[in-house]
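*Asks:* Could you work out the structure for the sequence below:
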Amino acid sequence: MKKTSTLLLLAMALFCSLTAFSIPKLNSFPSASATIYLDFDGQAFEPAFWNGGEAMTMAPSGMTDAQITEAFYRVAEDYRPFNINITTDSTVFLAAPLNKRMRVVITPTSAWCPGVGGIGYVGSFTAGDDIPCFVFSDRLGYSPKMVGECCSHESGHTVGLSHQSKYGSDCNTPTEPYNSGSVASGETGWAPIMGNSYYRNMSNWNNGPTPFGCTDTQDNLSIITSQNGFTYRTDEFPETLNASTYLLSGAFNVSGVITTNSDRDAFRFVLPTNKNIRLNAIPFNVSSNWIGANLDIKLMLYNGSGTLIKTYDPTTIMSVTIDTVLNAGTYYIRIDGTGNTNIGEYGSLGAYTISGSFGALPIHDVKLEGATDKGRHNLAWNIIADEPIKEIGIETSTDGINFKTLTSVGGTANKFGYLPYQESVIYYRLKVTSVINQVVYSNIIALKANAAGDKQFTVSTMVRNEIVVNASRDYQYQLSDLNGRIISMGKGLKGINRLDVFNQAPGMYVIQLISNNEKQTERIIKQ
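*Replies:* Here you go, the predicted structure:
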């Protein structure tokens, strides 16, 4: 669980880096002066305000670069509506004004603060004393989802927010001190950031009760933008419908941000003849199925006179798709944040991408089939399209709902096979992208997975540009030529990994793969 305290005392904390770890340097809004620094690389604190005033040494987070990046983007999206930069770069943090910055230390050093996933002082963002807040990665299972949620929660305390609770008929005693949100899960399953949002896909800032009583309502957005020296981002797309409205043409892909409850972004397009239009408005996400999105999109279509033709507002998904035929003329669309069956539109803010094309749709059909052969999963597909295919993403899921990318292949490929290292049913689908960036998903199929054989690694041995390693667990590798000269070395993760050898000369190479003190050696022939 998460925890907070009230700011009772100001104290100066001096920070020094323990080790020069290579952390991905990421920034969500570099032009902003207000800054929240996600510190993953470990710190020593002397003197320390926390821990009864005793000096503390914080170990690095224990998370991989990929996990750090995912956690960062979750926090960045939570703060996307505001004029504040989320960063993993200490130099950016140290350059920010002292009274407009906060350090969030992500660490497994948690014994000094038992029973919580993180801790922070309410209102400390503007204190000017550099007292940090903490997120305990070990308590959160090193999960980027949970670490990201907790980073937003604890930094939320520092910008002035208390917990948000759930009440029943008794207005005095909360049924849940940390509001876990809607009963429903899935794409639109919701919980407030300042409650318990670990187990819900959609989490955002809320206007709801605190533990101090059901009538003690906390307006998160007003507090954040009025008490910390920063407010909302500038709106980049006005909602006016006229000749100055941003023009969409050809194959388009435009990104924007819904920053406030009243913000609507408008776009214009012109059809010289009757045409088929396909348009996708998708919220920012860190994975497939819009996982990590805060913005539930509503889209309104208007004719050239500004008369509303149709509103697109699905209640069970967060994106919007238009696939229809329109007569020649000028049209407008507006994008707005909306609510759904689980929550109102108050906190439905964040980034989105609108993409599509006008005219005939190049991809008409994508049919996926699959079969198992001695534990190996063999997929084959047929695509009917008028335009060339740029990329085919092969996606997997354990529940048939939440998909993630297994690997990507070129647009001319029509099959893929590998040996999965798990014992369960695996669901597959294709994400097909054309050269004009139209995206179409295939049907979903399910194949039974069996445990792989004795080999820990399956390696492509005849290669051109890359070596593909399918690993049963995390590993280290070393690639050498026949003279023993080391070409490259590094680490890989369980699953499909790709090692670039495009710049290596044709010939024979040797790759050694090591995991849990077990070594596997394979000869590679580069053509």
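
*Asks:* Tell me where this structure is predicted with low confidence.
*Replies:* The model of the chain has pLDDT under 70 over residues 1-22, 46-47, 288-290, 359-361, 399, 422-424, 449-455.

*Asks:* Can you give the domain ranges for it?
*Replies:* For the chain, automatic domain parsing gives the domain ranges 1-233, 246-358, 363-448, 457-526.

*Asks:* Span of the shortest one from start to end?
*Replies:* Which is domain 457-526. Domain 457-526 stretches 19 Å from its first residue to its last (C-alpha to C-alpha, to the nearest Å).

*Asks:* How far off centre is that domain?
*Replies:* Chain-centre distance of domain 457-526: 29 Å, with C-alpha atoms, centre = their mean, to the nearest Å.

*Asks:* Over to stretch 145-161?
*Replies:* Here the centre of stretch 145-161 is set off from its chain's centre by 16 Å, with C-alpha atoms, centre = their mean.

*Asks:* quick one on the thing from earlier: kindly reformat the domains of the chain as JSON lines containing mean neighbour count.
*Replies:* Bear in mind the C-beta positions are built from the backbone N, C-alpha and C, glycine included. Formatted as JSON lines, the domains of the chain follow (neighbours: other C-beta atoms under 10 Å):
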{"stretch": "domain 1-233", "mean neighbour count": "19"}
{"stretch": "domain 246-358", "mean neighbour count": "18"}
{"stretch": "domain 363-448", "mean neighbour count": "16"}
{"stretch": "domain 457-526", "mean neighbour count": "15"}
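
*Asks:* out of those, which comes closest to T240?
*Replies:* domain 246-358 (6.3 Å; C-beta to C-beta).

*Asks:* picking that back up, which one of the domains of the chain lies nearest to E239?
*Replies:* Nearest of those (C-beta to C-beta): domain 246-358, 4.0 Å.

*Asks:* circling back to that earlier point, with distance to E239 added, can I get the domains of the chain in a markdown table?
*Replies:* As requested, those are exported to a markdown table (distance: least, C-beta to C-beta, whole Å):
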| stretch | distance to E239 |
| --- | --- |
| domain 1-233 | 15 |
| domain 246-358 | 4 |
| domain 363-448 | 25 |
| domain 457-526 | 44 |
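
*Asks:* ok but Y73 is inside a helix, no?
*Replies:* Yes: counting by DSSP: H, G, I helix; E, B strand; the rest coil, Y73 is located in a helix.

*Asks:* Now do the contacts for it.
*Replies:* Going by C-beta atoms under 8 Å, 6 or more residues apart in numbering, Y73 touches 26, 148, 286, 292.

*Asks:* secondary structure element for the second one?
*Replies:* Applying DSSP states H and E as the criterion places G148 in helix 144-158.

*Asks:* now that helix, how far from the centre of its chain.
*Replies:* Here the centre of helix 144-158 is set off from its chain's centre by 14 Å, with C-alpha atoms, centre = their mean.

*Asks:* Other residues contacting stretch 99-107?
*Replies:* Residues outside stretch 99-107 that contact it (C-beta under 8 Å, 6+ apart): 15, 33-40, 42-43, 58-61, 63, 71, 93, 120, 124-128, 130, 132-137, 147, 151, 154-155, 158-159, 228-230.

*Asks:* go on, stretch 321-335?
*Replies:* For stretch 321-335, contacts defined as C-beta under 8 Å, 6+ apart pick out 239, 241, 245, 256, 258, 264-281, 297-304, 306, 309, 312, 352, 354, 356, 361.

*Asks:* swap the cut-off to 6 Å and go again
*Replies:* 239, 241, 264-274, 276-281, 299-302, 304 (C-beta atoms under 6 Å, 6 or more residues apart in numbering).

*Asks:* contacting residues for the residue nearest to the spatial centre of the chain?
*Replies:* Residue closest to the average C-alpha location in the chain (C-alpha atoms, centre = their mean): V286, at 2.0 Å. Going by C-beta under 6 Å, 6+ apart, V286 touches 70, 73-74, 292.

*Asks:* And it, how far from Q438?
*Replies:* 23 Å (C-beta to C-beta, to the nearest Å).

*Asks:* cool, L279 as well?
*Replies:* Using C-beta to C-beta, L279 is found at 10 Å from Q438.

*Asks:* Repeat that for N274.
*Replies:* Between N274 and Q438 the distance is 19 Å, computed by C-beta to C-beta.

*Asks:* what do you get for V469?
*Replies:* Shown here: V469 relative to Q438, a distance of 32 Å by C-beta to C-beta.

*Asks:* next one: E345
*Replies:* Separation of E345 from Q438 (C-beta to C-beta): 29 Å.

*Asks:* Equivalent analysis for G195, please.
*Replies:* The spacing between G195 and Q438, counted by C-beta to C-beta, is 39 Å.

*Asks:* Please apply the same query to V409.
*Replies:* V409 is 18 Å from Q438, by C-beta to C-beta.

*Asks:* and what of D41?
*Replies:* As judged by C-beta to C-beta, D41 and Q438 stand 41 Å apart.

*Asks:* can you give me the end-to-end distance of stretch 309-318?
*Replies:* The straight-line separation of the ends of stretch 309-318 (C-alpha to C-alpha) is 21 Å.

*Asks:* Next: stretch 379-396.
*Replies:* Using C-alpha to C-alpha, the end-to-end distance of stretch 379-396 comes to 12 Å.

*Asks:* Then stretch 281-300?
*Replies:* In stretch 281-300, first residue to last residue: 11 Å (C-alpha to C-alpha).

*Asks:* In strands, which of the contacts of stretch 321-335 appear?
*Replies:* Of those, the ones assigned to strands by DSSP state E are 264-271, 276-281, 299-302.

*Asks:* residues in contact with T372?
*Replies:* With contact taken as C-beta under 6 Å, 6+ apart, T372 is in contact with L447.

*Asks:* how close does the residue nearest to the centre of the chain sit to R139?
*Replies:* 21 Å.

*Asks:* and I343, which of the three is it?
*Replies:* coil.

*Asks:* Quick check: nearest residue in space to it, chain neighbours excluded?
*Replies:* W190 (4.3 Å; C-beta to C-beta, 6 or more residues apart in numbering).

*Asks:* what's the answer for N443, then?
*Replies:* Setting aside the residues directly before and after it, N443 is nearest to L368 in space (C-beta to C-beta, 6+ apart), at 5.6 Å.
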